[in-house]
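In: Predicted structure and sequence below. I'll ask about it afterward.
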Amino acid sequence: MKYILMVAALFCSVAVFAQDGYNGPAKFKISKYSFGKIKQGVPVTTVFSFTNTGTKPLIIENAEAGCGCTTPDYPKEPIMAGQTGKIKVTYDAASPGLFTKNVNVKFAGTQLPATLIIEGEVVTKPQ
């Protein structure tokens, strides 16, 4: 009996971790980007492209970063069905060390936001 319960718990936990929570009409080419090593004090930017796979215009209500060091820039106009949009994410690279930052993108008509992730390592300038 213990064995059956352990196997059932394992399958349930795998199913939970496999979901990212977002199941909306925007499909991102990638949702995670690594800058690798970057110089301190030199901002870096990447662009996340997405396609409106729905049948209605897609509106971004907001895109919010987890901290002030990360700035998302997103289209304010609707993205028509079948069209693509881009969300530009800039990281200021002010503090040295490893970083992982999330940007939550809330689309109109969806309950959960899509999460975009940037990561990397800021290396200090030689003295």
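Out: Thanks, I have the structure now.

In: ok, how many other residues are close to G120?
Out: 20 (other C-beta atoms under 10 Å). Heads up, the C-betas are built off the backbone N, CA and C, glycines and all.

In: Nearest residue to it in space, please, no chain neighbours.
Out: F35 (3.4 Å; C-beta to C-beta, 6 or more residues apart in numbering).

In: Please give me every residue in contact with F99.
Out: Contact analysis of F99 by C-beta atoms under 8 Å, 6 or more residues apart in numbering lists 69, 91, 118-122.

In: go on, F107?
Out: 24-26, 58-61, 113-114.

In: rewinding a little: thought V89 was touching the residue nearest to G120, still the case?
Out: No: counting by C-beta atoms under 8 Å, V89 is not a contact partner of F35; they are 10.3 Å apart.

In: Quick check: neighbours shared by those two?
Out: Common neighbours of F35 and V89 (C-beta under 8 Å, 6+ apart) are 46, 118.

In: Settle it for me: which of the two has more neighbours?
Out: When neighbours are counted by other C-beta under 10 Å, F35 and V89 differ, and V89 comes out ahead with 22 against 16.

In: quick one, helices of this structure?
Out: 2-18 (DSSP state H).

In: Going by residue numbers, what spans are strands in this protein?
Out: 26-28, 32-39, 44-52, 60-65, 70-73, 84-91, 97-107, 114-123 (DSSP state E).
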